Every structure is written in structure tokens, then in C-alpha cells.
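> Attaching a predicted model along with its sequence, questions to come.
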Amino acid sequence: MLRQAMLALSKSRRAERLVTTSPLTADVVRRYVADDIGAVVGDLTRDGLLVSVDHLGEEVNDPAQAEAAVASYVALLDLLPAGSDVSVKLTALGLRQSQRLATTNAATICAAAAGKGVTVTLDAEEHDTVPGLHAVHAALRRDHPDVGVVVQAYLPDSLDRCEKLGGARVRLCKGAYTAPGAYTRPADIDRSFVRCLKILMAGTGYPMVATHDPRLLRIASALAVLAGRDLSGFEYQMLYGVRPDEQARLAGLGARVRVYVPYGSDWYAYLMRRLAERPRNLAFFLRSLASRR
């Protein structure tokens, strides 16, 4: 119930105004959102970690806003070392206005990223955007075969999605949204995650295992061994600010570990979804509102 409440708050304009105008939220925001993206990326890469950077923002209202989002991503590429990734939400590129517009804008980012040795991953959003997400991904792969896509295990069609994504870079996550008919019990979501992971590890693509769950991390490692994948054949992905010690431990073992780093002023919806995924962080968040620590 707490998770559902937090997800509802992520869509509340009134709550957004309250939280984003408070001077007391800086501590919790800096914990999960980079304030100086160049410095944060530099620190992480020096520690042997890879990065996937998300310029926060979604649900634009007109093509001009989508064009501005493209420009932000192209400018971001100058701050990233080769081997980095950028994570792009298609509603920020105009998906709500036109699938063709989103495809064109995403292709511009893909072309610019390729010139810098950077990959692009199309990020997951609300359930009604999922068909458009995969349609755009399929179109982009014709000219940009290394473009990645996210599959959310909480959706009942996730296994079918994984089976159809042969040869692709696929980020598998549990899911941070709600959807009609979706799995809601943690055990059901975990079972779906493992079923999807078995398909991806046994397939011809590149699995990106996006979870902080210790049990699922162990299962991913075992499935990689069973599938004959070495440490270069898949990667773990974790959020900036979440389990940094585990990130460092896995990287120290030689695993590829990529940190998902969001930045930008449009952080409210992202932060609420992160708190919904990990309700234990809500106490930290409320303390930041109640006192200047």
C-alpha cells in the first residue's frame, strides 16, 4: 500500500510543488540525483564503474521541448567517456505527440552517441507507452543495432518481450510503475524476473541485470555460468546512491557494473518512484523535510 501511495504522489502536481520548493530536500536529492554530472561520472569511472546517465525529464508537450531534450543529450555526450551509456525516455523526445517524432529524435541521439563510443538505452515508462517503446526500438535497431531497451518484469508480457529481443542489449528491471493486470506481489515479480533472466542469459543478446536484490544478483551470476557467459558477456546495473558498497564489491570481482546516474532539475517524479521501490528510504526523506541536518 505504501508503494502505491508513493507512486500516486509521483503524479501529484500539488505534492511536487510542496517537495520541490522546500529548501529541506537537498540532502535526499543529492543522495540519488547528481548535482555535478561531470564530477560524479569522473568519480565513478575512476572507481572502475561504468555509467548510464539519464537527463531527467519526461512527458513533453510539444516538439520544441523534445528538440531541447535532444540538444541536452547531445551536449551531455561531451562529458562522458567511451563505454558510457545514456538512458533516454521516449516521452521526453515526443512519443506522446508522434511515434515518428520520437524515432527521429532518438536516432539523432544514437548517431551522436556512436561518434563518441557511447551506447543508448531506451528507458521504460508508464504501461501505455510500452508498445511505442518497442516499436521505436525495433525501428532504430536497423541502423543502430546496439541500441538497448528496458523490459519490466512486473508486466505479464515481459517473458514474451525477452523472447523476441534476440541479439539485443536488454536491461531487465522489476519495474517502477503501475499497470492494469500487472504483477503486484513481490514473489510474483521476482519469479517473472528470473524467468526473463533465464531467457536473456541463454540467448544471443547482452543482458543488463538491473536489480539491488541480493538473491536475484546471486541467481544472475549462477545463470551466467550455466549459460557459458564470462564476466564480459553481461553486466549488473544499480542506481546511483543505492548499495554503493555492493557496486564496488562486484566491480572488484571483475564484473561489469554500471551505475544509473540521473541528473537535472526535473527530479521529482524520479525520486518518488525510487522511494516507492525502497520504502525504507522514506524515513530518510521525511527527516530531510523535518529538519536541517
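Yep, that arrived.

> My guess is residue 166 contacts residue 205. True?
Yes: between residue 166 and residue 205 a contact is recorded at 6.2 Å, counting by C-beta atoms under 8 Å. Quick note: C-beta positions are derived from backbone N, CA and C, even for glycine.

> what about those two, which has more around it?
residue 205 (17 against 12; other C-beta atoms under 10 Å).

> so how far is residue 44 from the nearest residue to that one once chain neighbours are set aside?
Nearest non-adjacent residue to residue 205, counting by C-beta to C-beta, 6 or more residues apart in numbering: residue 168, 4.6 Å away. Separation of residue 168 from residue 44 (C-beta to C-beta, to the nearest Å) stands at 25 Å.

> neighbours around residue 128, how many?
The burial count for residue 128: 11, using other C-beta under 10 Å.

> Can we start the residue count at 810 from this point?
Sure, I'll start counting at 810 from here, so that last one is residue 937.

> So it: helix, strand or coil?
helix (DSSP: H, G, I helix; E, B strand; the rest coil).

> which residue ranges form the helices in the chain?
811-818, 822-829, 835-841, 846-855, 872-885, 908-923, 939-950, 967-972, 995-1011, 1023-1035, 1053-1061, 1077-1086, 1090-1099 (DSSP state H).

> Which strand residues bridge the spatially closest residue to residue 980 that is not a sequence neighbour?
Excluding its sequence neighbours, the residue lying closest to residue 980 (C-beta to C-beta, 6+ apart) is residue 1017, at 4.1 Å. Here residue 1017 sits in beta bridges with residue 980, residue 1044, going by DSSP bridges.

> my read: residue 1017 touches residue 1029, true?
No: using C-beta under 8 Å, residue 1017 and residue 1029 do not qualify as a contacting pair, with a distance of 10.3 Å.

> overlap in contacts of these two?
1043, 1045 (C-beta atoms under 8 Å, 6 or more residues apart in numbering).

> May I see the buried residues of stretch 1039-1049?
1043, 1044, 1045, 1046, 1047, 1048, 1049 (16 or more other C-beta atoms under 10 Å).

> and residue 908, how many neighbours?
17.

> just residue 1070 next, same as before
Residue 1070: 23 neighbours (other C-beta under 10 Å).

> Run through the residues that contact it.
Per C-beta under 8 Å, 6+ apart, neighbours of residue 1070: 843, 846, 849, 850, 853, 860, 861, 862, 863, 1049.

> Show me just the buried residues among those.
Buried among the contacts of residue 1070 by 16+ other C-beta under 10 Å: 843, 846, 849, 850, 853, 860, 861, 862, 863, 1049.

> Tell me which residues touch the residue nearest the centre of the chain, please.
Centroid check for the chain by C-alpha atoms, centre = their mean gives residue 932 as the closest residue, at 5.7 Å. Residues in contact with residue 932 (C-beta under 8 Å, 6+ apart) are 863, 896, 897, 898, 899, 959.

> Tell me how far it lies from residue 981.
Taking C-beta to C-beta, one finds residue 932 at 13 Å from residue 981.

> Next, show the common contact partners of the two.
With C-beta under 8 Å, 6+ apart as the test, residue 932 and residue 981 both reach residue 959.
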